[in-house]
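Visitor: Sharing a sequence plus its predicted fold:
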Amino acid sequence: MKPHVARKRFGQNFLASPGVVARIVEAIQPQPDDTLVEIGPGLGALTEPLLARLDHLHVVEIDRDLIARLRQRFAPARLTIHEGDALRFDFATLAPILAPTLAPTPGPGLRVVGNLPYNISTPLLFHLARYAGAVRDMHFMLQREVVARMVAPPGGADYGRLSVMLQYRFEMERLFLVPPGAFNPAPKVESAVVRMTPRPPAALTAADTVLLGEVVQAAFAQRRKMLRNALREYLDETDWAVLGIDPMRRAEALTVDDYTRIANYLSVRTVR
Ligand code: SAM
């Protein structure tokens, strides 16, 4: 078989460092009966060591050439290949989404892993966040700057919509950095491995997560403006006073809890 030529449009940078692969697998700690899905298995750098520890593995891959190679290499009884776009894949088909009060944290549930295609990382993270109720944990390799935004605390330039929406649903942990030389071809950027673990149901206090998302989006769409202006469609001076939040601050100053309080306030406020 001819060597595979990496496709830029699919964000193909294949892991070529056995040491980094071993560290990632060690962080995941796969157990034989885990329900685990790998996004973008590529040439199998992670797939093979994961399968060595698992009874069975699901993968989602978009590149047909790579799928043909995976089919040749791994038996269907061990590896189920879902052919297509991970952005459209229904992860609930692999594990049921449970109501927040029943969600397993920790316990059974879907484990999601991947050295993700960096060109679609943000939409993919938002897509995956919808399945948090079905998930036990997720481990991803991503561009270092994206991981910085995912784990960012309030107050800095990295803190934004991605930070608030993911941190509302997950505990986030940056595990380690990975240099460009660990990949073939080497990307121009540094990478990092991140762990996301769904927060316990008691922590999910937003009455309406769609409204939460709207408010956060509106606040950060004009992040250089004062909240009074960025959220003027939602809140007036009286509202800010009731909430006890200074509207002269900017979006990056508010915590995830502040945003949740604002969304909950809006969901019950009577129209004046
Ligand atoms: N896991 C392999 C490794 O670590 O060497 C490959 C990682 S490479 C960064 C990203 C992989 O995701 C490639 O195999 C690519 O074809 C696949 N991919 C890209 N876009 C995808 C999409 N929308 N859905 C599913 N897989 C995708």
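Guide: Thanks, I have it. Not measured: the values here are computed from a predicted model.
Visitor: what does the strand or helix carrying residue 121 contact?
Guide: Here residue 121 sits within helix 121-129, counting by DSSP states H and E. Identification of contacts with helix 121-129 by Cβ atoms under 8 Å, 6 or more residues apart in numbering yields 39, 86-87, 91, 112, 116-117, 135, 138, 142-143, 146, 150, 162, 165-166, 169-170. Placement of C-beta: from N, CA and C, glycine included.
Visitor: Now, those that are in strands?
Guide: Members of those lying in strands (criterion: DSSP state E): 39, 112, 135, 138, 142-143, 170.
Visitor: which one of the residues you listed is nearest the ligand?
Guide: residue 39 (5.9 Å; Cβ to the nearest ligand atom).
Visitor: Specify the beta-bridge partners of the closest residue to the closest one other than its chain neighbours.
Guide: Spatial nearest neighbour of residue 39, excluding adjacent residues (Cβ to Cβ, 6 or more residues apart in numbering): residue 114 at 3.5 Å. Counting by DSSP bridges, residue 114 is bridged to residue 140.
Visitor: quick revisit: the helix holding residue 121 close to the ligand?
Guide: No: applying Cβ under 6 Å from any ligand atom, one finds helix 121-129 out of contact with the ligand, separated by at least 7.3 Å.
Visitor: quick one: contacts for the nearest residue to residue 187 once chain neighbours are set aside?
Guide: Distances taken as Cβ to Cβ, 6+ apart place residue 13 nearest to residue 187, at 4.8 Å, with adjacent residues excluded. Contact analysis of residue 13 by Cβ under 8 Å, 6+ apart lists 6, 115, 118, 183-187.
Visitor: interface residues of the stretch 51-200 of the chain facing the ligand?
Guide: So far as Cβ under 6 Å from any ligand atom goes, the stretch 51-200 of the chain lies against the ligand at 60-63, 66, 85-87, 115, 117, 120.
Visitor: where does the residue nearest to residue 187 fall, phi/psi-wise?
Guide: Per-residue torsions, residue 13: phi -130, psi 100 (degrees, to the nearest 10).
Visitor: hang on, the earlier thing: keep only those of the residues of the stretch 51-200 of the chain next to the ligand that are in helices.
Guide: Judged by DSSP state H, the subset of those located in helices is residue 66.
Visitor: Just the buried residues out of the contacts of residue 13, in ChimeraX syntax.
Guide: To isolate the buried members of the contacts of residue 13 in ChimeraX, using 16 or more other Cβ atoms under 10 Å:
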select :6,115,118,183,187
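Visitor: Next, give me the two most distant ones among the contacts of residue 13.
Guide: Spatial extent of the contacts of residue 13 (Cβ to Cβ) is set by the pair 118 and 184 at 15.0 Å.
Visitor: Return the distance of residue 64 relative to residue 199.
Guide: 38 Å (Cβ to Cβ, to the nearest Å).
Visitor: go on, residue 162?
Guide: For residue 162, the distance to residue 199 (Cβ to Cβ) stands at 16 Å.
Visitor: And residue 34, by the same measure?
Guide: Separation of residue 34 from residue 199 (Cβ to Cβ): 21 Å.
Visitor: Same question for residue 238.
Guide: For residue 238, the distance to residue 199 - Cβ to Cβ - is 32 Å.
Visitor: Have a look at the two and say which one is more surrounded.
Guide: residue 199 (19 against 9; other Cβ atoms under 10 Å).
Visitor: Contact partners for the more buried one?
Guide: Contacts here follow Cβ under 8 Å, 6+ apart; on that basis residue 199 touches 105, 168-171.
Visitor: Tell me the confidence at it?
Guide: We have a pLDDT of 94 for residue 199.
Visitor: and if you look at the one 3 residues further on?
Guide: On pLDDT, residue 202 comes in at 90.
Visitor: What backbone torsions are found at it?
Guide: The phi/psi pair for residue 202 (degrees, to the nearest 10) reads phi -60, psi -20.
Visitor: Can you tell me how far it is from the ligand?
Guide: Using Cβ to the nearest ligand atom, to the nearest Å, residue 202 is found at 34 Å from the ligand.
Visitor: ok, so of the contacts of residue 13, who is nearest residue 77?
Guide: Lowest distance from residue 77 to the contacts of residue 13 (Cβ to Cβ) belongs to residue 115, with 24.7 Å.
Visitor: Do I have it right that the closest one meets residue 42?
Guide: Yes: using Cβ atoms under 8 Å, residue 115 and residue 42 qualify as a contacting pair, with a distance of 7.4 Å.
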